[in-house]
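> quick one, structure for this:
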Amino acid sequence: MSGDVRESSVRVSRLSFFLGRFGSKTVNPGELPGRTDIGDDEELELRKNTAREEFADFDESFELREQIADGGQGLISRAVDKKLNRIVAVKTLNGTLKARSSSRNAFVAEARVTGRLDHPAVVPVHGLYSDSAGNLHLAMKLVRGDTLKEYLDKTASLYRRMPRRQVERGERKMLQQRLEIFLRVCEAVAYAHHRKVIHRDLKPENIMIGSFSETYVMDWGIAEHQSWKDAGSASGKFSGTVQYAAPEIINSQAYDSRSDIYSLGLILFEMVYLKPAYPSGSMPEAVEMARKGRIAFCDHRFRCRVDRDLTMIVRKALAPLPAERYQNVKSLMKDLRSYLRCDEVSANPDGIRGRLFRSFRRNYRPLLLIWGM
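Residues are numbered from 1 along each chain as shown. As a prediction, the model looks like this:
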């Protein structure tokens, strides 16, 4: 369940939402090797046993209001911060899990990982609390707005009601806006990777677009620090979303930050072509496509033209083999920014004719936009 939530009147679990025609189901494809102890004291602190820890008193600081979402790991509610007189979001560890030390440790680790990611696109954590009944509560900023999934669904719904010619004209501007949103997501993920944190569950549902166009990357609940992996990989079952996972993760193979880049590629595919990269109608078929990294054809859902440069950027991010992808998020961002400036992109190097055409296009871009080229 998302550790960073938006206000919603619908009390349903985001983990049970379905994306596209087959959904966004969280699954456990297989067991990963158990972790061993690691030597980095700072990162050990993120995972240390919480059985003897005492946290600040929740009831003294907050007043719970209505529940706004629920899921397998926790409940999300609105709450009043009594001391600062503000509305916050509070995630409470599910009652059936609060007695399990592994669940409590994972809940605290999520809070600590998120709390250490000090970035404008990561929702701020206000604190970790407990109450007299032994419940754990995570207080965070309450974000109002739409998820990226909702944003894309609204765009598609609008286009279905518009004449095709009008869609083609509007899409030029809308695509650029979507790419700017994507770049802000990349900035947050690049920062996390710099801090050696792998998100592992990037998807449109976990990206929030606020009321004033601010962008947040949410749900760091299964994020890992690189040192944990170096010490022996995950601490239990892998949890993620098949439709946005890299082939190496689905196949229970070694993975690293480049797996997040693949997930970003799947999100970029959806933002560019306004359709999912895995367009299957059933979960088994989706799993099979994900295992092989076999994506849908790169054509726009509403038959709008997409530049080859952008298509090649998407394909490079979605290379089935990690060594053939962008090796870091900054490289992906660099290509996208070059594309927006009409400069050459590494995913589609120019020949002589390409350089001449690009120079002409850059110099006469306003006229080309008017002519629809």
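> who are the packing partners of the helix or strand harbouring residue 263?
For residue 263, the host element (DSSP states H and E) is helix 257-273. Packing partners of helix 257-273 (3 or more CB pairs under 8 Å, 6 or more residues apart in numbering; DSSP states H and E): helix 148-160, helix 164-194, strand 197-198, helix 247-250, helix 308-317, helix 329-340. The way it works is simple: take the backbone N, C-alpha and C, and place the C-beta from them, glycine included.
> mind listing what's buried along the second one?
Pointing back at helix 164-194 there. Buried residues in helix 164-194, counted by 16 or more other CB atoms under 10 Å: 167-168, 171, 174-175, 178-179, 181-182, 184-193.
> distance from that helix to the middle of the chain?
Centroid separation for helix 164-194 versus its chain: 14 Å, with CA atoms, centre = their mean, to the nearest Å.
> mind splitting the protein into its structural domains?
33-141, 145-371 (automatic domain parsing).
> so which residues of this protein form helices?
Secondary structure of the chain, counting by DSSP state H: helices at 41-47, 58-61, 101-115, 148-160, 164-194, 226-230, 247-250, 257-273, 283-292, 308-317, 329-340, 352-363, 365-371.
> ranking the ones you listed by burial, who's on top?
With neighbours taken as mean count of other CB atoms under 10 Å, the helices of the chain reach their highest mean count in helix 257-273, at a mean of 24.
> what angle do that helix and helix 329-340 make?
Counting by axes from the mean of the first three to the mean of the last three CA atoms, to 10 degrees, helix 257-273 lies at 20 degrees to helix 329-340.
> ok, and the closest non-adjacent residue to residue 78?
Spatial nearest neighbour of residue 78, chain neighbours left out: residue 65 (4.3 Å); criterion: CB to CB, 6 or more residues apart in numbering.
> run a quick neighbour tally on the one you found.
Residue 65: 13 surrounding residues under other CB atoms under 10 Å.
> same thing with residue 195?
Residues near residue 195, counting by other CB under 10 Å, number 14.
> that one reaches residue 117, doesn't it?
Yes: between residue 195 and residue 117 a contact is recorded at 6.4 Å, counting by CB atoms under 8 Å.
> one step back: now render the domains of the chain as JSON lines, adding mean pLDDT.
Compiled in JSON lines, the domains of the chain are given as follows (pLDDT from 0 to 100):
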{"stretch": "domain 33-141", "mean pLDDT": "82"}
{"stretch": "domain 145-371", "mean pLDDT": "89"}
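> what distance do you get for residue 315 to residue 277?
Residue 315 is 11 Å from residue 277, where distance means CB to CB, to the nearest Å.
> what do these two both touch?
In terms of CB atoms under 8 Å, 6 or more residues apart in numbering, residue 315 and residue 277 are not both contacted by any residue.
> ok now the helix holding residue 263, how far from the chain's centre?
Counting by CA atoms, centre = their mean, helix 257-273 is centred 9 Å from the centre of its parent chain.
> begin at 36 from now on, thanks
In the new count, where the first residue is 36, that last one comes out as helix 292-308.
> just want the angle from that helix to helix 183-195.
Interaxial angle of helix 292-308 relative to helix 183-195 (the same axes, to 10 degrees): 20 degrees.
> how far off helix 343-352 does helix 292-308 point, in degrees?
Going by the same axes, to 10 degrees, helix 292-308 is angled at 150 degrees with respect to helix 343-352.
> restricting to C-alpha, output helix 292-308 in PDB.
The C-alpha trace of helix 292-308 is given here as PDB (Å, rounded to 0.1, in the frame of the first residue of the first chain):
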ATOM      1  CA  SER A 292      18.800   0.200 -10.200                       C
ATOM      2  CA  ARG A 293      18.500  -0.500 -13.900                       C
ATOM      3  CA  SER A 294      15.300  -2.500 -13.100                       C
ATOM      4  CA  ASP A 295      13.800   0.800 -12.000                       C
ATOM      5  CA  ILE A 296      14.800   2.300 -15.400                       C
ATOM      6  CA  TYR A 297      12.800  -0.500 -17.100                       C
ATOM      7  CA  SER A 298       9.800   0.400 -15.000                       C
ATOM      8  CA  LEU A 299      10.300   4.100 -16.000                       C
ATOM      9  CA  GLY A 300      10.400   2.900 -19.600                       C
ATOM     10  CA  LEU A 301       7.000   1.200 -19.200                       C
ATOM     11  CA  ILE A 302       5.600   4.300 -17.700                       C
ATOM     12  CA  LEU A 303       7.100   6.400 -20.500                       C
ATOM     13  CA  PHE A 304       5.500   4.100 -23.100                       C
ATOM     14  CA  GLU A 305       2.100   4.700 -21.500                       C
ATOM     15  CA  MET A 306       2.600   8.400 -21.300                       C
ATOM     16  CA  VAL A 307       3.800   8.700 -25.000                       C
ATOM     17  CA  TYR A 308       1.300   6.300 -26.600                       C
END
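> the strands in the stretch 36-185 of the chain, which residues?
Secondary structure of the stretch 36-185 of the chain, counting by DSSP state E, counting those that start in this stretch: strands at 61-62, 91-92, 97-105, 109-116, 121-128, 160-165, 171-176, 180-182.
> contacting residues around residue 172?
Listed by CB under 8 Å, 6+ apart, the contact set of residue 172 reads 93, 97, 125, 126, 127, 128, 163, 164, 165, 166.
> 10 Å - rerun?
Residues in contact with residue 172, defined by CB atoms under 10 Å, 6 or more residues apart in numbering, are 90-91, 93-94, 96-97, 99, 109-110, 112, 114, 125-128, 142, 146, 162-166.
> filter these down to the buried ones.
Buried among the contacts of residue 172 (16+ other CB under 10 Å): 93, 96-97, 99, 109-110, 112, 114, 125-128, 142, 146, 162-166.
> how far away is the residue nearest the centre of the chain from residue 188?
For the chain, the residue sitting closest to the mean C-alpha position, by CA atoms, centre = their mean, is residue 237 at 2.7 Å. Applying CB to CB, the value for residue 237 to residue 188 is 18 Å.
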